[in-house]
Each structure stands twice: as structure tokens, then as C-alpha cells.
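Asker: Quick check, what structure comes out for this input:
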Amino acid sequence: MKHLKSLLFAAVLFVGATSFTTAQTKIAHINKQELIKAMPAYAQAQTEIEKLGKTYEATIQTSLKELDVKLKQYNAEAETKTEEENMKRMQEVEGIKQSLGEYQQQAQKDLQEKEFNLLKPIVEKADNAIKAVAKAQGYQYVVDSAMLIVADGKNLMLDVKKQLGM
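Answerer: Numbering: from 1, shown residues only. Below is the predicted model:
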């Protein structure tokens, strides 16, 4: 009987301590992606990325048109040329195709790098604002609400937007 009382007392203490700890922890949430997309700097970055993408796309389209013209010319002249000349022309076309493919890959890599470099300071600014608001309001944890199933706690979106001057 004494053993049962000790076990019951320990269980009550554990439940009480757990409840006390849970009551002390403040948790808030924010949809970080939504915040970042609402920042003016994000719209500017997206505009710059789209502009660069269109520049690359225009260059690629121009190169494709030039290649098409060259292919049509070579096909039209193929019967009047020697087999050796036609082989050289085919090698030239294959070289152009390969160069164009490499250019497309490099353009994609450059776009990704540009996007990363433009978005990094925006994300850092959002993170710093979230941390500042959480600290000012006494929150120990802020979770991304985009990943939550239930988000009944405090939403920091308006407070963080105010912190950012939005």
C-alpha cells in the first residue's frame, strides 16, 4: 500500500510538473512564405529574375532561329556539295547544338544563383523581424504555420509586418 501511494504521488508530481512546464512555454506561428511574398523587396527581386530570364530566353530563341536558317540552307545545298563538305557541315551543326545546350544549362544555373543571392537578404530580414517580435512578446517558439495542421495559437503575421514597416 505504501508503495502504491509513492507511485501515485510520483505520477501526480510528474503530471503537475509537465502541466506547469507546458503552461510556461509560449508558442506562436507565422506563415513565413506568405510574409516573404508580401515584402516589397520580394516583388523587386522577382521582377529582376524575370527580366534576366527573358534576356536569356531571347538569346536562346535567336540562336535557335539562326540554327534553323543554317539547317535549311545546308539541306537545300546538300546535293550540290561533296560528301566531305556535307559531313563538315553536319559536324558544325552538331557543335552549334551542343553549344546551345551548354548555354541553356549555364543560363539556368545563373538564374538559380541570382535568385538565391537576391532572396537571401530578404529571408534574413524576415527571420530577424520574426525573432524580434517573438522576443518582444515573450515567445520561446515560433513555428511555420504553413506546416501546421492546427494553428490556434498567436499568429505573428500582423506584428511582424508592422516590425518591417509594411
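Asker: which phi and psi does Leu148 have?
Answerer: phi -90, psi 150 (degrees, to the nearest 10).
Asker: ok, Gln104 - how many residues close by?
Answerer: For Gln104, the neighbour count with other CB atoms under 10 Å is 15. C-beta coordinates here come from the backbone N, C-alpha and C atoms, glycine included.
Asker: Specify the local secondary structure of it.
Answerer: When classified by DSSP: H, G, I helix; E, B strand; the rest coil, Gln104 comes out as helix.
Asker: distance of it from Gln73?
Answerer: 23 Å (CB to CB, to the nearest Å).
Asker: do Tyr103 as well
Answerer: Using CB to CB, Tyr103 is found at 22 Å from Gln73.
Asker: which SSE is Ala28 in?
Answerer: Take DSSP states H and E as the rule and Ala28 turns out to sit in strand 27-30.
Asker: Which other helices and strands does that strand contact?
Answerer: Identification of packing neighbours for strand 27-30 by 3 or more CB pairs under 8 Å, 6 or more residues apart in numbering; DSSP states H and E yields helix 83-137, strand 141-144, strand 154-155.
Asker: how deep is Asp68 tucked in, by neighbour count?
Answerer: 10.
Asker: So what does it look like in phi/psi?
Answerer: phi -60, psi -40.
Asker: ok, it - contacts?
Answerer: With contact set as CB atoms under 8 Å, 6 or more residues apart in numbering, Asp68 has no partners.
Asker: If anything else comes up later, I'll come back, but that's it for now.
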